[in-house]
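[1] kindly return the folded structure for what I paste below:
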Amino acid sequence: MFPRVVLTLCRLAGRPAGWMSGVPRMSSSVRSAPVLSSRVQGFCSEKAKAEVVHREQPQRNSNAATSMPGYMPSNKEKWMLVFTGRYPSKADIPKEVSYDELTAAKDKMRVYVATLLVILTFVCAFGVAMWGKSERDRGESLLKRNQQRRADIRQKEIADQAAAAAAEEK
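    Here you go, the predicted structure:
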């Protein structure tokens with residue numbers, strides 16, 4: 001039974017870190033790392049070690065990266081690529097950009113905009129609080145403002161009624 005367990009552990013050593021169900025996927029650098037320690041891998045036979053190395057380093061086609069279709073960015077997207085630091089200037093941006101690069105730039109812009117909106121919200125809240133304190137110190141309030149407005153409306157209605165009564169008497 002012991003050799004069967006060791007062989008199973010050797011096979012598990014070459015599996016990616018997120019191979020089990022319920023385990024979250026990890027970044028590609030972590031995913032290719034062996035699950036088991038090198039101490040356990042020391043028990044593995046040369047055949048199992050070769051199988052592990054073969055699984056960790058798959059053969060890649062050299063034309064795979066160049067055969068990906070590109071995306072022609074608009075002026076706004078070019079500005080985002082420059083602003084997020086992907087390229088030093090608009091002139092340096094190639095005619096076609098990969099979807100991943102453009103998505104990364106858009107995600108970074110989304111973070112910048114969200115951070116800016118949070119900062120503006122705090123600045124506006126602070127400004128409104130200061131404005132309310134200054135009105136409180138002057139003795140103004142919404143209740144007084146509303147009472148004054150209603151008094152002005154009543155005076156205007158009384159003046160209009162008086163003008164209508166004077167027009168009827170003539």
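[2] how about whichever helix in the chain runs longest: buried residues?
    Secondary structure of the chain per DSSP state H: the longest helix is helix 99-138. For helix 99-138, a neighbour-count test (16 or more other CB atoms under 10 Å) marks 101, 102, 105, 108, 109 as buried. C-beta coordinates here come from the backbone N, C-alpha and C atoms, glycine included.
[3] in terms of contact, does the last one touch residue 83 like I think?
    By that I understand residue 109. Yes. Contact criterion CB atoms under 8 Å: residue 109 and residue 83 qualify, at 7.0 Å.
[4] if we can go back for a sec, what helices and strands are in contact with the longest helix of the chain?
    Packed against helix 99-138 by the contact rule (3 or more CB pairs under 8 Å, 6 or more residues apart in numbering; DSSP states H and E) you find helix 75-83.
[5] how many residues are close by residue 79?
    Neighbour count for residue 79, taken as other CB atoms under 10 Å: 15.
[6] what is the burial count for the nearest residue to it once chain neighbours are set aside?
    In this structure, residue 79 finds its nearest non-sequential neighbour in residue 90, 7.4 Å apart by CB to CB, 6 or more residues apart in numbering. If you count neighbours by other CB under 10 Å, residue 90 ends up with 12.
[7] what does the pLDDT read for residue 90?
    Listed pLDDT for residue 90 reads 93.
[8] who's in contact with it?
    Residue 90 sits next to 78, 79, 82 when contact means CB atoms under 8 Å, 6 or more residues apart in numbering.
[9] do I have it right that the last one meets residue 76?
    It stands for residue 82. No. With contact defined as CB under 8 Å, residue 82 does not count as touching residue 76 (11.0 Å).
[10] who has more neighbours out of these two?
    With neighbours defined as other CB under 10 Å, residue 82 and residue 76 compare such that residue 82 has more, 17 against 9.
[11] got the confidence number for that one?
    As predicted, residue 82 sits at a pLDDT of 94.
[12] now the one 3 residues further on
    pLDDT for residue 85: 92.
[13] check residue 159 too.
    The model reports residue 159 with a pLDDT of 94.
[14] in the protein, what secondary structure element scores lowest on mean pLDDT?
    One helix or strand of the chain scores below all others by mean pLDDT, DSSP states H and E: helix 28-31, with a mean of 43.
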